[in-house]
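Visitor: below is the sequence, then the predicted model.
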Amino acid sequence: MFFYSPNFLIFFLVLLLPYLWLRKQRLWLLAAANAIFYVAHPEGFLVLFLAAAVLTFVIVHLMTIPRWRWLFWVGIVLNVLNLAFFKYTLFVLDNLKLWTGFHFAAADSIAASIVLPLGISFYTFEFISYLIDVRRGHSQPTRSFLKFWVFVSMFPHLIAGPIMRGDELIPQLDKLSDKKITWDDIRYGVYLFIIGMIKKIIIADQLSPVVKEFFDKGSHLTGTESWMAAYTFSFYIYNDFSAYSDMAIGLGIMMGVRFADNFKSPYLSSNPSEFWRRWHITLSRWIRDYIYIGLGGNRKGPFRLYLNLMIAMLISGLWHGAMWTFVIWGGIHGLLQVIHRLSLGLNRFRWIAAVRESLVYRILAIFVFFNVVSWTWVFFHASSIDMALDMTWKMLHAHADNVVRHPTFPLVLLLFLVHVAEYLLRKHESSIGQVWRHVPFPLRSSAYLLITLTLIYYLQGGNYAFIYFQF
């Protein structure tokens, strides 16, 4: 059930009405709704999901006993192997065949039988973070499997995040039966949900065929077209993925739960570090806290700092998909992080630090870095390394005047302006909301009707799944 489908809207309303009324039964209602939502998707493997949840829950309690602390590593290994089997088996077999020439007789049948369970990348990371947080003493394990199950399976964030942590969500579940959900909560949740629908249906889904048309040309793409492909995919993936997060957060608020923010206008970033504080925030901090810091962070000297950055970003790339293009994409972002860290040493010169703090520099840095990020998306979306390298070569030799004159370029400018408008809306939404309440009711009603009719109109087009469902 996609969030914007009639089936889901009926499902959510059927859940929400008793949920608001029966406070003491909210956890049980959520537990059942999570299971129903998951099995409603063809790729939902509920038995596997439940087994992993039970196993992690048991291990996390046993490992608090001194003589059973070693079970922590069992929990980590089993969760990693579970993800690796479904997500990377075919990748490993293909590369073994490529590098060694050896081919398993049953490899093709094994690969054909493996289907990636829905949301496994996200819930595996939540299991692992829960194990690590308990071991580090950052979180106390809940004694209720019901709360643990609702934490990892809560349907708004289950399939594509935000990636939540136990100490963020379980304390909210502890107070859920006493939580009073107000009309302001419902209204704000609906507002975020509608923003997500607009970004998904009106922007992302309409960009999808444009992106496909460009990338389908493959080696026939010109340098200018390669830039248009990169630009349009940049806005497509942002609007598609952030739409899911907006809708998930909105649904959570309507149920009295607050999920972590996942996006903060990432294309207004002026450097790699800022970008990863704005893009897929919950994954970025997961990689930072459990990979980068786990490897030593910046505590073991400059060389280890840069090595740890590269390893963390390579793992981030591999997490996104079992293809070398994803690994290279992660490696490029790791290299960008290293270069940026090295460049910070120039701030010891006061005039450089002063220039970097100026508005003109920030605008130029945003412009340059947006183009760099757009280029990196080529490796993320290209069907092969050869295609990505071919597009890169052509992009390097494209003429700026041809790019600006391309018929798609005005669309790119419009999308960037919409991105800026979204930033301003979210930054000032409280003040804008107060002004909006003073607009005469007939005008507000007309605006709501127009938005509803527009969404209904665009819903009659193609049916596109969220892009991060495949990760």
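Guide: Everything's here; your move.

Visitor: for the protein, which residues score under the pLDDT cut-off?
Guide: Scanning the chain with the threshold set as pLDDT under 70 gives 1, 102-113, 461-465, 467-471.

Visitor: kindly recompute the last result at 80.
Guide: 1-2, 4, 41-44, 93-116, 161, 297-298, 300, 441, 452-471 (pLDDT under 80).

Visitor: longest helix anywhere in it?
Guide: Using DSSP state H, we find that the single longest helix of the chain is helix 223-254.

Visitor: pull out the buried residues from that one.
Guide: Within helix 223-254, the residues that count as buried by 16 or more other C-beta atoms under 10 Å are 223-254. Any C-beta I mention is one placed from the backbone N, CA and C, and that applies to glycine too.

Visitor: now stretch 180-193
Guide: Within stretch 180-193, the residues that count as buried by 16+ other C-beta under 10 Å are 181, 185-186, 188-189, 192-193.

Visitor: and Pro442, how far from Leu295?
Guide: Relative to Leu295, Pro442 is positioned 60 Å away (criterion: C-beta to C-beta, to the nearest Å).

Visitor: for Asp44, grab phi and psi.
Guide: If you look again at residue 44, you'll see it is Gly, not Asp. Here is the backbone geometry of Gly44 (degrees, to the nearest 10): phi -80, psi 120.

Visitor: identify each buried residue in whatever helix or strand Tyr448 lives in, please.
Guide: Using DSSP states H and E, Tyr448 falls within helix 441-459. Within helix 441-459, the residues that qualify as buried are 455, 458-459, counting by 16+ other C-beta under 10 Å.

Visitor: could you dump it to CSV, C-alpha only?
Guide: Extracted in CSV, the C-alpha atoms of helix 441-459 (Å, rounded to 0.1, in the frame of the first residue of the first chain):
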residue,chain,number,x,y,z
PHE,A,441,-12.4,30.9,5.5
PRO,A,442,-13.9,30.9,1.9
LEU,A,443,-10.4,31.6,0.5
ARG,A,444,-8.7,28.9,2.6
SER,A,445,-11.4,26.5,1.6
SER,A,446,-10.9,27.3,-2.0
ALA,A,447,-7.2,26.7,-1.7
TYR,A,448,-7.7,23.4,0.0
LEU,A,449,-10.2,22.3,-2.7
LEU,A,450,-7.7,23.4,-5.4
ILE,A,451,-4.9,21.3,-3.8
THR,A,452,-7.2,18.3,-3.4
LEU,A,453,-8.4,18.5,-7.0
THR,A,454,-4.8,18.9,-8.3
LEU,A,455,-3.6,15.9,-6.4
ILE,A,456,-6.6,13.8,-7.6
TYR,A,457,-5.8,14.9,-11.2
TYR,A,458,-2.1,13.8,-11.0
LEU,A,459,-3.0,10.6,-9.2
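
Visitor: which elements pack onto it?
Guide: Judged by 3 or more C-beta pairs under 8 Å, 6 or more residues apart in numbering; DSSP states H and E, helix 441-459 is in contact with helix 183-197.

Visitor: so what touches the helix or strand that comes right after the helix it packs on?
Guide: Counting by DSSP H and E, the element after helix 183-197 in chain order, helix or strand, is helix 205-216. Under the contact criterion C-beta atoms under 8 Å, 6 or more residues apart in numbering, helix 205-216 has outside partners 221, 225-226, 228-229, 232-233, 235-236, 239-240, 381-383, 408, 411, 415, 458, 461-462, 464.

Visitor: let me have the buried residues of helix 441-459 in JSON lines, extended by distance to Pro141.
Guide: As requested, these are exported to JSON lines (distance: C-beta to C-beta, whole Å):
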{"residue": "Leu455", "distance to Pro141": "42"}
{"residue": "Tyr458", "distance to Pro141": "45"}
{"residue": "Leu459", "distance to Pro141": "43"}
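
Visitor: from those residues, which is closest to Thr392?
Guide: Tyr458 (33.7 Å; C-beta to C-beta).

Visitor: what's near enough to touch the closest one?
Guide: 201-202, 205-206.

Visitor: how does it look with 6 Å?
Guide: For Tyr458, the contacting residues are 201-202, by C-beta atoms under 6 Å, 6 or more residues apart in numbering.

Visitor: where along the stretch 51-200 of the chain do the helices fall?
Guide: For the stretch 51-200 of the chain, the helices defined by DSSP state H, counting those that start in this stretch cover 71-100, 107-113, 120-136, 145-153, 155-158, 166-174, 183-197.

Visitor: most packed of the ones you listed?
Guide: helix 155-158 (a mean of 26; mean count of other C-beta atoms under 10 Å).

Visitor: show me what that helix is packed up against.
Guide: helix 223-254 (3 or more C-beta pairs under 6 Å, 6 or more residues apart in numbering; DSSP states H and E).
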